[in-house]
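K.L.:
below: sequence and its predicted model.
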Amino acid sequence: MTRFAGRDFEDPIIIASGVVPDVPAYMKRVCKRYRPSAITTKSLTLSPLQPHPPPTFIKLDQGCYLNAIGLGNPGPSFLSGLEVDCPLIVSVAGRESQEIVQLVKEAGSKGVLLELNLSSPNRAGYGQSIASMTYEVVKDAVSVSRVPILVKLGPWDNVVELAGKAISAGASGLTLINTMRGMAVDIESGRPILSYVTGGVSGRCIHSVAVRVIYEVYREYGVEIVGTGGVYTWRDVIEMMMVGAKMVGLGTVLVERGLEAINEIREGLKNYLASKGLKEEEIVGYAVKR
């Protein structure tokens, strides 16, 4: 059992935002068959958003991708009547504090935790665009939320500072990290490949960056963290936990290897802990405390 932000989960392995399609029947099958400790929804906005025109998702290299879906989502009405057999972490995104407050009121209580996406680089006006307002946004959201709030931040130079603002504003934890902004060009046409021009780099190529950010934030604040970014194996999970992540989100690995990776990674973590005679909580922050 994993205790995180005052909630109990079966284990530290969850599904990160943006991976599971917003199709209720599909989400229900994922919960029943693969038993993730939680599914994080796509980031929901006050009104539905259409994805950017294709292409929006390309493979850069083995285990590395570039995407600019642009927060395409059906809006908070999607959650009405949604019934799944595993906990939901509801992710939301807005253009200003007032929008996010309204989203918290409409959608926040549908999950066991609420994640504020203040870091997506793929839609102007949202995510990364309002990161400078972290303290105000989080404070306002916390004031109306019925569930603990997580704040998802990106791998920026000032991430430790923003993490401090989120915590001081009342966040119960952080999700670290979102994708890194990148770009790819077709050398035959000389044009950007993605329709949005830039996109978020995800997968194995950002794992070491995620480990570094989690380490720095945990060392500074000791806050509860969901680690995301290039987790492909149980070893990656342990590495993130050792630098401070209490829970770990799977994303790109599920796109590339399928949902079966959830059980493979879970079993690997379980076997490692058993072989060392350790409990989960004993490895969280181990590399920071040495």
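P.N.:
Cool, got the structure. In this text, all values refer to a predicted model and were calculated from it rather than measured experimentally. Numbering: from 1, shown residues only.
K.L.:
which SS class is the residue of the chain most remote from its centre?
P.N.:
In the chain, counting by Cα atoms, centre = their mean, E188 sits farthest out from the average C-alpha position, at 34.9 Å. Classification of E188 using DSSP: H, G, I helix; E, B strand; the rest coil returns coil.
K.L.:
can you report phi and psi for it?
P.N.:
phi -80, psi -40 (degrees, to the nearest 10).
K.L.:
next one: I283
P.N.:
Dihedral pair for I283: phi -100, psi -10, per degrees, to the nearest 10.
K.L.:
switch to numbering from 31
P.N.:
Happy to do that; since the first residue is 31 now, the last one works out to I313.
K.L.:
what number of residues lie near it?
P.N.:
18 (other Cβ atoms under 10 Å). To be clear about C-beta, it is placed using only N, CA and C from the backbone, and glycine gets the same treatment.
K.L.:
so it makes contact with V273?
P.N.:
No. Between I313 and V273 there is no contact under Cβ atoms under 8 Å: 10.1 Å.
K.L.:
now E40. Nearest residue, chain neighbours left out?
P.N.:
Closest residue in space to E40, ignoring its immediate chain neighbours: S67 at 4.7 Å, by Cβ to Cβ, 6 or more residues apart in numbering.
K.L.:
any idea how far the one you found is from D41?
P.N.:
Separation of S67 from D41 (Cβ to Cβ, to the nearest Å) stands at 5 Å.
K.L.:
the more surrounded of those two?
P.N.:
Neighbour count, other Cβ under 10 Å: between S67 and D41, S67 has more, with 22 against 17.
K.L.:
thought the more buried one was touching P117?
P.N.:
Yes. Contact status for S67 versus P117: in contact at 7.0 Å, counting by Cβ under 8 Å.
K.L.:
what sits in contact with each of those two?
P.N.:
F39 (Cβ atoms under 8 Å, 6 or more residues apart in numbering).
K.L.:
hang on, the earlier thing: intersection of neighbour lists for S67 and D41?
P.N.:
Shared contacts of S67 and D41, defined by Cβ under 8 Å, 6+ apart, comprise T32.
K.L.:
re the thing from before, what sits against the residue nearest to E40?
P.N.:
So S67 contacts 32, 39-44, 116-117, 277 (Cβ under 8 Å, 6+ apart).
K.L.:
with secondary structure, pLDDT and distance to K195 added, can I get the residues you listed in a markdown table?
P.N.:
Below are those laid out as a markdown table (DSSP: H, G, I helix; E, B strand; the rest coil; pLDDT from 0 to 100; distance: Cβ to Cβ, whole Å):
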| residue | secondary structure | pLDDT | distance to K195 |
| --- | --- | --- | --- |
| T32 | strand | 95 | 26 |
| F39 | strand | 97 | 26 |
| E40 | coil | 96 | 32 |
| D41 | coil | 96 | 30 |
| P42 | coil | 97 | 26 |
| I43 | strand | 97 | 29 |
| I44 | strand | 98 | 25 |
| C116 | coil | 93 | 31 |
| P117 | coil | 96 | 27 |
| M277 | strand | 98 | 22 |
